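Participant: What would the 3D arrangement of this be:
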Amino acid sequence: MDPRSIDMYRKALRNGKEKVFNIRIMIVGPYDVGKTTLTKRLLGKDVNICDRQSTEGIDIQTECCKVSLATGEWITQEQNAEQYMQLQWLVKLFNEQVQQKSNDKQQVLKEMETHVSTTKQDNGHVEEIIYTRVKEDIDKEVLPTLSQPVESLIASLNPEAISVVAKENEKKDAVMEIIQLINASSEKLEKSIEEYAKLGIWDFAGQYVFYTTHQTFLSYRALYLLVIDLSQQITALINDECFIDTAGLKLCQVQETIDTWMNLIHSCTPSPQSGIPAVFLVGTHVDKIPERYRHEMCEKYFKEIRSYLKDKPTILHLVNEDFAIDNTVVDSKLVALKKKIVEVASQQPYWGEEVPARWILLERELMRLKAAGIKVIRRTLLEAFNQAEDVPISREELDLFLKFQNDIGTILYFSLEVLKDKIVLVPQWMIDALKSLITAEMFVLRNVPAVAKKWDMFNKSGQLSPELIDAIWTKETYPDLHDNKEHILLLMEHLNIIARPRSFSEDGSEIKVENYFLAPCMLKEKTPERVLFPKPDTEMKSSSSILCYNFVDKFLPSPIFHRLLATCVSRWPIAQRKSENQIFCGCCIFRLDPHHELTVLFKEYIIFVQVIRFGTTEKTPAFELCINVKEFITKTLTNIIGYLGHSFKFEMSVQCPKYLGYRVDCLIPLTDLQGNEDFSCDLHDDIHVFRTQDVLRFWFQEEEPSDAGSSAAAMLSAPTSDTDRFMCIAHLLVDVGSRVLRQLLRHHTVTSTCTLDQYLAKHRNTINSLKRFFNQSQMDIMFPPNGVSTDLDNYDITLLSAIFQNIVPTLSQQEKDMIKRLREERNKLYGHANSCQISANDFQTYCKDISLTLTGLSQQCGDTAFEAEILHETQCTQISAIPAGSNLDILNIWCGRMQNVEGVLQDMRVRLQALEAREMSSGSES
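Facilitator: The predicted model follows:
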């Protein structure tokens with residue numbers, strides 16, 4: 001290939017795009033139902049049907065199979081076969097560039113020829129001479145012939161051409177390396193013209209103890225095979241010990257496990273009504289059912305499952321066909337299942353999505369690092385590799401590339417600030433790390449009995465000592481984990497799978513970090529009755545009201561609570577009784593300071609939080625401490641849900657103060673208490689009344705001195721003045737409203753292959769033609785001078801509304817209506833308010849309408865953490881006055897924007913006067 005053709009190849013990488021087809025299959029379900037056997041049979045592997053060995057953790061097979069796009073056939077791949085699929089893709093890109101170049105040449109000649117024929121009579125032979133010379137110049141370009149594109153490309157890859165270019169560029173050139181690989185692989189490439197989809201299978205262990213890591217890998221960009229043993233009753237108990245909440249040990253029914261998996265899968269959906277991701281019901285062990293009743297019993301079983309789910313939103317995920325599979329070696333139903341998988345995969349929104357061709361160079365770099373045995377790298381290293389590439393990508397695009405690779409299961413990458421510097425190249429590594437510890441009992445007893453007691457402590461109370469880690473992760477048993485121990489432990493900490501506990505020093509003056517880890521997923525001890533049902537307050541003890549995080553779908557997977565607990569453990573010391581840590585299955589008591597304790601407890605689908613004060617100097621827990629606890633736990637839960645990519649929603653409530661202990665049937669939503677001095681509780685046989693301030697003052701109250709004269713923290717109270725109410729509404733519109741619209745714009749414009757800058761550039765001509773919608777200051781915000789990227793934080797409601805109205809065609813009618821309502825409420829506040837005041841009656845109406853609009857829009861943004869954040873903020877605004885400092889900020893923003901509007905109006909007046917003067921002048925001249 002000559003230098004000119006190599007330049008064309010680089011251009012193809014820079015500008016080209018390619019459609020990608022990925023099928024990621026997640027095989028999930030209860031313990032011991034035949035998931036691993038099904039996995040092997042799908043991949044065409046030999047199966048020993050007598051082998052009952054269970055999967056531990058997750059078994060990931062990502063390069064094991066490909067699917068023909070033409071025939072739907074599943075083809076088992078050789079090791080490293082993905083490299084040849086990449087090379088085939090590059091050849092295709094090059095030939096498209098060659099074809100485009102040839103088409104451009106023919107177009108130029110055609111236009112020249114037409115021009116010559118029309119001007120020759122006037123200009124003699126001059127134009128013909130120019131045409132002849134241009135044609136000669138174009139014909140000098142060396143292009144491979146197009147009749148046999150792949151063969152021509154391979155034939156042109158001669159060593160002399162490569163040598164010439166190598167001399168011109170002394171640094172290592174990734175393009176040259178790829179060209180050499182294409183040359184070396186020519187025979188395979190000639191046989192690989194057909195396009196394929198990449199297929200990977202993730203086989204999830206059914207044991208409950210592994211669920212903590214399972215959630216890290218669930219994604220909407222996958223198809224789920226929910227596997228059930230058809231020889232078991234749907235109400236049968238599964239032989240698997242589950243430790244979920246304060247109840248401790250529990251044996252779950254088959255239908256409960258099905259419900260758990262369906263809820264976990266549903267939590268990944270980008271839209272609750274979309275039915276994405278798709279779930280296949282696959283029954284196994286059909287051969288155990290008498291043949292004469294087989295069809296009837298299988299149909300009955302699947303009907304029972306669908307009936308059990310019929311009133312749940314999760315039923316939308318089920319595909320319209322169920323599969324009953326024999327556990328024998330040959331089964332025709334397996335062929336039908338494979339065909340259906342390909343059919344459903346081709347209907348997914350990510351099927352055939354386009355990605356930039358230049359990403360392939362970085363993808364190859366990741367493959368190279370994996371092949372070298374490297375499990376985890378820092379992002380800065382990949383950035384350095386990227387800059388050394390022949391066609392580097394921008395930092396922002398690198399983020400998109402990493403998120404895309406994470407979504408398709410190639411790597412593990414989290415955009416959360418504390419995690420984004422680490423890239424896990426081999427997801428299996430994370431799974432194996434925890435699996436090796438959980439399943440180490442026999443290894444410890446046989447090989448290192450000296451640490452057997454430490455393993456017992458880990459198995460029962462979650463205490464993971466350095467000695468136990470070193471004894472298990474030896475150079476001989478787990479060389480990869482041994483060599484990268486610090487990296488993997490740090491990553492497990494950042495993912496809140498383990499945590500380093502804190503403790504007070506002996507004199508209580510400082511907090512120190514303990515020399516062991518704690519794994520909440522291993523906690524097995526049932527929460528004691530004395531914790532679940534504490535004694536009433538006394539002169540020596542006073543308690544806050546109980547704040548509750550109520551998950552609205554009545555489902556909260558224990559791994560989310562485990563992660564919350566791990567985060568709390570790394571922040572506050574665990575309280576002790578008789579030198580024993582007060583941490584149990586589903587509960588932990590923390591020592592906040594020498595006088596305060598915090599109980600965090602998980603029961604069914606609710607997280608309970610309560611602060612207790614010991615001593616005689618104060619009558620109540622410190623308000624500042626309570627607010628800090630609330631803010632920390634709310635933010636932590638939101639972050640956990642966010643980086644797991646799940647759609648769990650929670651509402652904040654308080655427990656009725658009538659009862660001691662923690663009850664799921666006595667919750668009062670915060671919004672029900674707002675605006676009421678007294679509240680009549682009808683959750684019991686007899687109605688009773690309490691003052692709302694008595695339960696809200698710990699979490700939402702302004703500063704007020706205690707009877708003992710101590711300084712309480714600044715807390716929030718319900719708005720009492722008309723000015724406060726006005727500021728609350730302004731906060732919802734100015735601050736929260738703009739944030740919601742910005743997030744919605746991201747959702748509609750920013751993809752794995754397109755930044756906001758690129759989206760706006762694509763619509764630049766449309767924007768330029770709509771000057772009546774966009775003034776110059778708005779144009780400067782969208783297209784900053786000097787090549788600076790646009791900053792979405794500078795977009796206000798006016799600009800965002802104009803963008804949505806004119807250049808975002810993907811908006812639904814529902815979204816358009818909600819944006820219009822938000823804009824109308826803003827105009828009503830800005831343009832028609834006689835004063836900065838709102839009455840109590842109007843405040844209720846404003847709050848309800850605006851909050852419904854904001855939460856409705858946030859649900860369209862495709863970001864569950866953001867949705868939960870907006871829901872929480874609208875709820876808090878309805879029951880809380882904005883602090884005085886914020887009032888001033890909002891008023892300044894409002895006044896500034898009014899001044900800006902006035903400035904625009906003044907500018908329009910000047911222009912109108914100039915036009916009138918010009919018209920008068922023209923009239924007098926005529």
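Participant: Can you show me the helices along the stretch 201-350 of the chain?
Facilitator: Counting by DSSP state H, counting those that start in this stretch, the stretch 201-350 of the chain has helices at residues 211-217, 254-266, 294-309, 332-345.
Participant: With mean pLDDT and distance to Lys658 as extra columns, can I get these in TSV?
Facilitator: Using the backbone N, CA and C atoms, a C-beta is placed for each residue, glycine as well. Listed next are the helices of the stretch 201-350 of the chain as TSV, based on pLDDT from 0 to 100; distance: least, Cβ to Cβ, whole Å:
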stretch	mean pLDDT	distance to Lys658
helix 211-217	74	36
helix 254-266	89	31
helix 294-309	92	35
helix 332-345	92	52
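Participant: Now render these as CSV, adding distance to Met442 and mean neighbour count.
Facilitator: Shown next, in CSV, are these (distance: least, Cβ to Cβ, whole Å; neighbours: other Cβ atoms under 10 Å):
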stretch, distance to Met442, mean neighbour count
helix 211-217, 21, 22
helix 254-266, 26, 21
helix 294-309, 36, 16
helix 332-345, 35, 16
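Participant: wait, which of those helices is closest to His482?
Facilitator: Smallest distance to His482 across the helices of the stretch 201-350 of the chain (Cβ to Cβ): 19.8 Å, for helix 211-217.
Participant: just checking, what packs against the closest one?
Facilitator: strand 58-68, helix 427-438, helix 558-569 (3 or more Cβ pairs under 8 Å, 6 or more residues apart in numbering; DSSP states H and E).
Participant: Can you tell me which of these is nearest to Ile305?
Facilitator: Of all the helices and strands packed on helix 211-217, it is helix 558-569 that lies closest to Ile305, at 22.9 Å by Cβ to Cβ.
Participant: in that closest one, what counts as buried?
Facilitator: Residues of helix 558-569 classed as buried: Ser558, Pro559, Ile560, Phe561, His562, Arg563, Leu564, Leu565, Ala566, Thr567, Cys568, Val569 (neighbour count, 16 or more other Cβ atoms under 10 Å).
Participant: Would you pull up how far that helix lies from the middle of the chain?
Facilitator: 18 Å (Cα atoms, centre = their mean, to the nearest Å).
Participant: what is the orientation angle of it with helix 254-266?
Facilitator: Put simply, helix 558-569 runs at 70 degrees to helix 254-266, going by axes from the mean of the first three to the mean of the last three Cα atoms, to 10 degrees.
Participant: what ranges do the helices span in the stretch 551-700 of the chain?
Facilitator: Secondary structure of the stretch 551-700 of the chain (DSSP H, counting those that start in this stretch): helices at 558-569, 623-643, 670-673, 692-696.
Participant: coming back round to it: switch the helices of the stretch 201-350 of the chain over to JSON lines, and while doing so, append distance to Pro466 to every line.
Facilitator: Listed next are the helices of the stretch 201-350 of the chain as JSON lines, based on distance: least, Cβ to Cβ, whole Å:
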{"stretch": "helix 211-217", "distance to Pro466": "21"}
{"stretch": "helix 254-266", "distance to Pro466": "33"}
{"stretch": "helix 294-309", "distance to Pro466": "46"}
{"stretch": "helix 332-345", "distance to Pro466": "45"}
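Participant: close enough to count as contact, Lys35 and Phe204?
Facilitator: Yes - counting by Cβ atoms under 8 Å, Phe204 is a contact partner of Lys35 at 7.2 Å.
Participant: quick one on the thing from earlier: in a markdown table, list the buried residues of helix 558-569 along with distance to Ile687.
Facilitator: Converted to a markdown table, these look like this (distance: Cβ to Cβ, whole Å):
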| residue | distance to Ile687 |
| --- | --- |
| Ser558 | 35 |
| Pro559 | 39 |
| Ile560 | 35 |
| Phe561 | 33 |
| His562 | 39 |
| Arg563 | 39 |
| Leu564 | 35 |
| Leu565 | 36 |
| Ala566 | 41 |
| Thr567 | 39 |
| Cys568 | 36 |
| Val569 | 41 |
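Participant: before we move on, the earlier item: do you know which of the helices of the stretch 551-700 of the chain lies nearest Ile803?
Facilitator: Among those, the nearest to Ile803 by Cβ to Cβ is helix 623-643 (25.2 Å).
Participant: now for the closest one, which elements pack on it?
Facilitator: With contacts taken as 3+ Cβ pairs under 8 Å, 6+ apart, helix 623-643 sits against strand 547-551, helix 558-569, strand 587-593, strand 596-603, strand 606-614, helix 864-879.
Participant: Find the nearest non-adjacent residue to Ser851, please.
Facilitator: Leaving aside its chain neighbours, Ser851 sits nearest to Thr874 (4.0 Å; criterion: Cβ to Cβ, 6 or more residues apart in numbering).
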